[in-house]
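In: show me how the following folds:
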Amino acid sequence: MEFQGGYDRGPREKHKATCSECKKECEVPFKPSGDRPVYCKDCYSKRKDRPRA
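Out: Reported below is the predicted structural model:
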């Protein structure tokens, strides 16, 4: 048997959250702790492309 690499973990658990920027409900692949902002996919993409000050 040959090792193919990677892992088969199955579907990731999603947790409901509210986006800190647009306030829409979204699902994220981690459990929000409340001490850091959470962003939906759209807002995260916008922030990721923005240069840091």
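
In: residue 16 is in contact with residue 27, correct?
Out: Yes. Assessed by Cβ atoms under 8 Å, residue 27 is found in contact with residue 16 at 5.9 Å. Placement of C-beta: from N, CA and C, glycine included.

In: where does pLDDT dip in this protein?
Out: Low-confidence segments of the chain (pLDDT under 70): 1-10, 52-53.

In: can you show me the helices along it?
Out: For the chain, applying DSSP state H gives helices covering 41-49.

In: bridged to the most centrally placed residue in it, which residues?
Out: Centroid-nearest residue in the chain, with Cα atoms, centre = their mean: residue 28, separated by 4.4 Å. On the basis of DSSP bridges, residue 28 is bridged to residue 15.

In: that one is in contact with residue 38, isn't it?
Out: Yes. Here residue 28 reaches residue 38: they are 6.0 Å apart, a contact under Cβ under 8 Å.

In: show me what contacts the nearest residue to residue 22 once chain neighbours are set aside?
Out: Distances taken as Cβ to Cβ, 6 or more residues apart in numbering put residue 43 closest to residue 22, at 5.6 Å, once the chain neighbours are dropped. By Cβ atoms under 8 Å, 6 or more residues apart in numbering, residue 43 lies in contact with 19-22.

In: filter the residues you listed to the buried ones?
Out: For the contacts of residue 43, a burial check counting by 16 or more other Cβ atoms under 10 Å picks out residue 19.

In: between which two of the contacts of residue 43 is the distance greatest?
Out: Within the contacts of residue 43, 20 and 22 form the most distant pair, 8.5 Å apart (Cβ to Cβ).

In: alright, I will stop here.
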